[in-house]
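J.: how would this look folded up:
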Amino acid sequence: MDSGAIRRRLAIGLAVLTASGLLAMVSPGSAVAADSCSGRKVRTLPFSTGSVRVYRHDGYVCVVTVAKKVSGRKPMSVSVQARGLRPAVDTGRYTHHAGPVTVYSGHRCVWLRGSVGTGSVSSGWILC
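T.: Got it, this is the predicted structure:
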């Protein structure tokens, strides 16, 4: 292999590494939210300033509140309550998402709540 071919291969390899690094930096928030709960996504509850994403796995329900816009710290909360049990809650000032919070629901209904700033959602009893 001549030196020209080696240089071309090195240039292509460097271009691929650079492109993959840039792609990883473009949308880190979506990867964080998607990886924070295990299981399959069963529902999304949208509201004016964000959404609550609901995941289910082996009788467990996991929820995350995700802000629509990432712009500094703002009050956020998320909670999930299985019928007959106390809610699991995460409240604070966050930049992108609140949670995850998880409860074991088995076959019980759950009530979800989430808020970002002044917007909020409350599901009522669902996933029965």
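J.: okay, now the nearest residue to residue 128 once chain neighbours are set aside: neighbour count?
T.: Nearest non-adjacent residue to residue 128, counting by Cβ to Cβ, 6 or more residues apart in numbering: residue 109, 4.1 Å away. Backbone N, C-alpha and C define where each C-beta goes, glycine included. Residue crowding around residue 109 was assessed by other Cβ atoms under 10 Å; the count is 15.
J.: quick check: chain neighbours aside, which residue is closest to residue 97?
T.: Closest to residue 97 by Cβ to Cβ, 6+ apart is residue 66, at 4.7 Å.
J.: swap in residue 115?
T.: residue 77 (5.0 Å).
J.: need the contact list for the one you found.
T.: Applying Cβ atoms under 8 Å, 6 or more residues apart in numbering to residue 77 gives the contacts 65, 89-92, 98, 113-115.
J.: pick the one among the residues you listed closest to residue 50.
T.: Ranked by distance to residue 50 (Cβ to Cβ), those are led by residue 65 at 5.9 Å.
J.: which residues sit against the helix or strand containing that closest one?
T.: Assigned by DSSP states H and E, residue 65 belongs to strand 60-67. Strand 60-67 is contacted from outside by 33, 36-39, 49-56, 74, 76-80, 82, 94-105, 110, 112, 114-116, 127, using Cβ under 8 Å, 6+ apart.
J.: low pLDDT regions in this structure?
T.: 1, 3-35 (pLDDT under 70).
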